[in-house]
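Asks: let's see this in three dimensions:
(one chain, ligands or ions: 3)
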Amino acid sequence: MTARHVLVLNCGSSSVKYQLLDMADHTRLAVGLVERIGEAAPRLTHTPADGARRERALAAPDHESALKALAAELAADGLGFDSPHLAAVGHRVVHGGRAFTRPTVVDDAVLAEIERLVPVAPLHNPANLGGIRVARAMNPGLPQVAVFDTAFHTTMPEHAARYAIDVATADAHRIRRYGFHGTSHAYVSRRTAELLGKEPSEVNVIVLHLGNGASASAVAGGRCVETSMGLTPLEGLVMGTRSGDIDPGVVFHLARVAGLSVDEADTLLNRRSGLVGLCGDNDMREIVRRMDEGDDAARLAFAIYTHRLRKYLGAYTAVLGHVDAVAFTAGVGENSAPVRRAAVAGLEVLGLAVDEELNVERASTARLISPQYARVAVAVVPTDEELEIATQTYALVTAANG
Ligand SMILES: Nc1ncnc2c1ncn2[C@@H]1O[C@H](COP(=O)(O)OP(=O)(O)O)[C@@H](O)[C@H]1O
Ligand SMILES: CC(=O)OP(=O)(O)O
Ligand SMILES: [Mg+2]
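Replies: Ligands and ions are numbered 1, 2, ... in the order given. So this is what the prediction gives:
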């Protein structure tokens, strides 16, 4: 019997998302979420293959008890960490620095390197590490594979990855553009090539991953050459709660004039800025609804968000020289026709336009929304980070065993 199930774990600071996939046909055997870890009233939601959702409150003050609880749910269906069908656990690890350019089977040296990267990803890597350690303890014989958000971006040329700051300081503290959401950018750029009937090596694609976190990438012939997130996931596009691009002088001003500590400035820019800072909401559905009712704050937030997208489309067109497609993905990119319309508005000069009838259609599969005559294809391409993590994990462990 071949073990061909892969459990994918995405451990965030206050949540654990998980999926169990059968790699023979990519069916989801279980999908679940533990949320509000370390906060009041943590909850677990578990949906097995038959769709009969189970929910329960959880006394989970930490990631360890969250993982034990999700393992118990899986075990109840005979799919626990000791299942003979389970080939590996694939972990989303946000920061892999420059060391990790591909998925990696975790051993003590790999754990130590991920730990070494905590100072450049203090919000993400500790939770990712916790997930790996607990999963390993639950079944020490099972391969644990780390799949890094940063890996896809390690092909960026130095002139895109380096900031124009003192080189010695940058090197001493590993300050450079790493980029994130790489698993999604890789998957979506590949799917976009497929949609065009081409090989990834034949096309240049701009991917706009617009979820709660949001980032853009320029992908030339299947390789990332530029991306909007930087040392941390704070740079670039306007996000749900993060500011994206800002004059670094703002931070000095907040410290010297507004009297904020470094941690307070960090919290302001990461958690109380972006859409939520501008209008009090970070859900794009709510913002569009308020805008339609004439709400000025919502209208301005939407305008700032989409203005930033147009700037990046222009910049990345210049970086790539020739663009075959722009792909919208993640929660906002896949679902918000108004955002897609506004993001390309006025960019006919770049060959960009959407066909409004196609744009407002609702579908869950990859599709083109540009008019037939358009020079550049505009596409909506649903991302699937879990499937991509599972695929990379399975490929690695089957190659190792074969
Ligand atoms: N139908 C919709 N219309 C507009 N925006 C939507 C819709 N559905 C989801 N979203 C947006 O998607 C966001 C979440 O995106 P998602 O990719 O799931 O985020 P993440 O994985 O980063 O948590 C929500 O904050 C919401 O703004
Ligand atoms: C890196 C990052 O921004 O991730 P997320 O979108 O999951 O917050
Ligand atoms: Mg997501």
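Asks: show me where the stretch 251-400 of the chain has strands.
Replies: 325-329, 367-368, 377-380 (DSSP state E, counting those that start in this stretch).
Asks: so which of those comes closest to ligand 1?
Replies: strand 325-329 (8.1 Å; Cβ to the nearest ligand atom). Using the backbone N, CA and C atoms, a C-beta is placed for each residue, glycine as well.
Asks: packing partners for the closest one?
Replies: helix 182-195, strand 204-210, helix 337-344, strand 377-380 (3 or more Cβ pairs under 8 Å, 6 or more residues apart in numbering; DSSP states H and E).
Asks: just to revisit the earlier point, please tabulate the strands of the stretch 251-400 of the chain in TSV, including the columns distance to residue 140 and mean neighbour count.
Replies: Formatted as TSV, the strands of the stretch 251-400 of the chain follow (distance: least, Cβ to Cβ, whole Å; neighbours: other Cβ atoms under 10 Å):
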stretch	distance to residue 140	mean neighbour count
strand 325-329	37	27
strand 367-368	45	16
strand 377-380	43	23
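Asks: show me the contacts for the residue in the chain positioned nearest to ligand 1.
Replies: Closest residue of the chain to ligand 1, Cβ to the nearest ligand atom: residue 331 (2.1 Å). With contacts defined as Cβ atoms under 8 Å, 6 or more residues apart in numbering, the neighbours of residue 331 are 210, 211, 212, 284.
Asks: ok, back up a step: for residue 41, which of the strands of the stretch 251-400 of the chain is the nearest?
Replies: Residue 41 lies closest, by Cβ to Cβ, to one member of the strands of the stretch 251-400 of the chain: strand 325-329, at 31.8 Å.
Asks: can you give me how far that closest one is from the chain middle?
Replies: 15 Å (Cα atoms, centre = their mean, to the nearest Å).
Asks: could you do stretch 211-223 as well?
Replies: On Cα atoms, centre = their mean, the centre of stretch 211-223 falls 10 Å from the chain's centre.
Asks: is ligand 2 within reach of it?
Replies: Yes: if you take Cβ under 6 Å from any ligand atom as the test, stretch 211-223 does meet ligand 2, through 211, 212, 213.
Asks: if we can go back for a sec, out of the contacts of residue 331, show me where the pLDDT dips lowest.
Replies: By pLDDT, residue 212 ranks lowest within the contacts of residue 331, coming in at 90.
Asks: correct me, but that one touches residue 241?
Replies: Yes: taking contacts as Cβ atoms under 8 Å, residue 212 lies within contact range of residue 241: 7.4 Å.
Asks: any common contacting residues for these two?
Replies: By Cβ under 8 Å, 6+ apart, the residues touching both residue 212 and residue 241 are residue 282.
Asks: excluding sequence neighbours, find me the nearest residue to the residue of the stretch 251-400 of the chain found nearest ligand 2.
Replies: Going by Cβ to the nearest ligand atom, ligand 2 is nearest to residue 330 of the stretch 251-400 of the chain, at 7.9 Å. With Cβ to Cβ, 6 or more residues apart in numbering as the criterion, residue 330 has its nearest non-adjacent residue at 3.6 Å, and that residue is residue 211.
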